[in-house]
Structures are given as structure tokens and as C-alpha cells.
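Asks: Provide a 3D model corresponding to the input given below.
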Amino acid sequence: MPLMGISRKTKDDWAELSAEDQDRIVRMAWEDRTSFEAIQRQFGLTPNQVERFMRTQLDEKAYRRWRKRASERGHLKQGRLRPESVDRFKCTRQRSDGSTKGWK
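Replies: Numbering: from 1, shown residues only. The predicted structure follows:
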């Protein structure tokens, strides 16, 4: 997917990310329990930058599904709107690298 509408500086910043970091950002953005604030703390991307990043990483149909999910579950993706009961940003079955063993 072309990177149209994104500044050269932003493209250069994203190019500096390793493939593993880029993959991790995509996985974190898909996870309901990971807030945009957690992504910002770890990678320095604002919610708007995450949205633009996801647009470049996913095909159009997957991007639309992600945007719909992120907006419908916005109370989980925005730290200030999260319920008090959500105190983790990852699943209990999830490893520190983000993978889940034995789960499909």
C-alpha cells in the first residue's frame, strides 16, 4: 500500500523501526487490552500516528475492520476511558513477546 499523505520525516521514522517492532505495533494495535497510551510509551507513536501506521501496514479491508473495532471498543483503547477492571494491557495467556502458545 502506498504511503501517500504521510510526511517524509514520518516515513523515515517508521523506516528506522525494525521489522519486529513494526509487527509488535500492529499486534498491540489489534489487541483490545493494549491502550494507545501503552503504544505511545513503548514506541513514541500518538494515536493518530498509530492510525496512519496501521493504514500503511494493512490492506484496505483489514484496515477498515481494525478502525471499526478500535472505534467500537474505544473505551478499551483509550486509557482515560478504560474501566477500572482492566488493569493489564495483555492477556494472562500472552507471553512478553506478544505471542500466545497453543491458542488459535
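
Asks: hmm, who's touching stretch 51-62?
Replies: The list of residues contacting stretch 51-62 from outside it, by C-beta atoms under 8 Å, 6 or more residues apart in numbering, reads 1, 3, 6, 10, 14, 22, 25-26, 29, 45, 63, 66-67. Where C-beta positions appear, they are placed from N, C-alpha and C, glycine not excepted.

Asks: residues touching Q40, list them.
Replies: 46-47.

Asks: which parts of the helix or strand hosting it are buried?
Replies: Per DSSP states H and E, Q40 falls inside helix 36-43. For helix 36-43, the neighbour count (16 or more other C-beta atoms under 10 Å) marks 36-39, 43 as buried.

Asks: for the helix or strand that it is followed by, the averaged confidence score.
Replies: Going down the chain from helix 36-43, the next helix or strand is helix 47-57, by DSSP H and E. Averaging pLDDT along helix 47-57 yields 90.

Asks: cool, and stretch 68-83?
Replies: Averaged across stretch 68-83, pLDDT comes to 67.

Asks: same check, this time on stretch 16-34
Replies: Here the average pLDDT along stretch 16-34 is 88.

Asks: what comes up buried for it?
Replies: Of the residues in stretch 16-34, 22, 24-26, 28-29, 31, 33-34 count as buried by neighbour count, 16+ other C-beta under 10 Å.

Asks: among those residues, name the ones in helices.
Replies: 22, 24-26, 28-29 (DSSP state H).

Asks: can you put those in a markdown table and add distance to T56?
Replies: Below are these laid out as a markdown table (distance: C-beta to C-beta, whole Å):
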| residue | distance to T56 |
| --- | --- |
| Q22 | 10 |
| R24 | 15 |
| I25 | 11 |
| V26 | 10 |
| M28 | 16 |
| A29 | 12 |
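
Asks: now do the strand or helix carrying D12 against helix 47-57, angle only.
Replies: Using DSSP H and E, D12 falls within helix 8-15. Relative orientation of helix 8-15 versus helix 47-57 (axes from the mean of the first three to the mean of the last three C-alpha atoms, to 10 degrees): 70 degrees.
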